[in-house]
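**Student:** Kindly return the folded structure for what I paste below:
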Amino acid sequence: MSDFRRDWEEKGAVELPADAVSGSQWDELCDEASRLFAQARRAVDDRPGHRFYRDGTMQSAQQCGAHAGGPVLKSFAMGGMLREIAAEATGGTRLVPARFGYKYYAPGDFLGIHRDTIRCTITFTFGLTGNLGSMGWLPACRDMDNEALRSHIEKAGLFPDVADFMPVEERKIRGFDGHNIPHWRVPFGEGLGILGTVCFFDL
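**Tutor:** I've put the predicted structure just below:
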């Protein structure tokens with residue numbers, strides 16, 4: 001069993017080696033993300049409470065900027081390296097980078113606790129700025145059904161106090177089980193934080 005597969009099964013997350021992406025490729029991603037900031041749309045969901053769906057998806061409020069990315073990110077997502085790691089970790093055989101983009105966090109922006117769509121087999125995230133801190137997540141709740149999760153977080157609000165935290169480091173890629181593990185980002189501090197994401201569906 002590979003390290004990626006073992007980490008996926010035991011932790012629900014994998015960490016790519018530092019040299020997985022060249023410095024020049026990181027530069028291109030950072031440049032594109034910065035250029036596209038002016039075109040980002042505001043993604044705002046201010047509906048109260050937690051919303052649970054039959055496929056196990058769960059949503060709550062969020063506020064941030066978003067852009068689907070340009071040719072640099074598309075080439076990066078389609079390039080094969082992430083797909084190979086995604087397949088090795090999850091065992092998926094028909095993985096496609098079906099959703100990718102940049103998220104922009106201005107002061108006060110946040111992502112309430114949620115679980116990704118059931119179609120998302122693995123979500124890769126990577127910091128394009130060095131101020132993103134960490135993401136809260138609940139790997140102990142992996143694979144909980146809606147009722148068990150509802151009971152677990154019903155008093156937790158958007159940002160549970162007791163949780164594990166996954167660092168979101170600059171130019172560092174991690175993949176995690178975003179459908180089965182609830183996760184969130186607390187309100188952002190000063191400056192602008194830019195996050196890249198690539199989500200693989202197993203079609």
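**Student:** next SSE after the helix or strand harbouring Met166?
**Tutor:** Element membership of Met166 [criterion: DSSP states H and E] is strand 164-167. Following strand 164-167 in sequence order, the next helix or strand is strand 173-176 (DSSP H and E).
**Student:** Need the contact partners of that following strand.
**Tutor:** Residues outside strand 173-176 that contact it (CB atoms under 8 Å, 6 or more residues apart in numbering) are 12-16, 20-21, 82, 85-86, 89, 122-126, 137, 166, 168, 183. Using the backbone N, CA and C atoms, a C-beta is placed for each residue, glycine as well.
**Student:** among these, which ones are buried?
**Tutor:** 12-16, 21, 82, 85-86, 89, 122-126, 137, 166, 168, 183 (16 or more other CB atoms under 10 Å).
**Student:** Sitting in helices, which of those do you find?
**Tutor:** 82, 85-86, 89 (DSSP state H).
**Student:** And the lowest-mean-pLDDT helix or strand in the chain, what does it pack against?
**Tutor:** Across the helices and strands of the chain, mean pLDDT, DSSP states H and E gives its lowest value to helix 146-153, namely a mean of 89. Judged by 3 or more CB pairs under 8 Å, 6 or more residues apart in numbering; DSSP states H and E, helix 146-153 is in contact with strand 51-52.
**Student:** switch the cut-off to 6 Å
**Tutor:** Judged by 3 or more CB pairs under 6 Å, 6 or more residues apart in numbering; DSSP states H and E, helix 146-153 is in contact with no other helix or strand.
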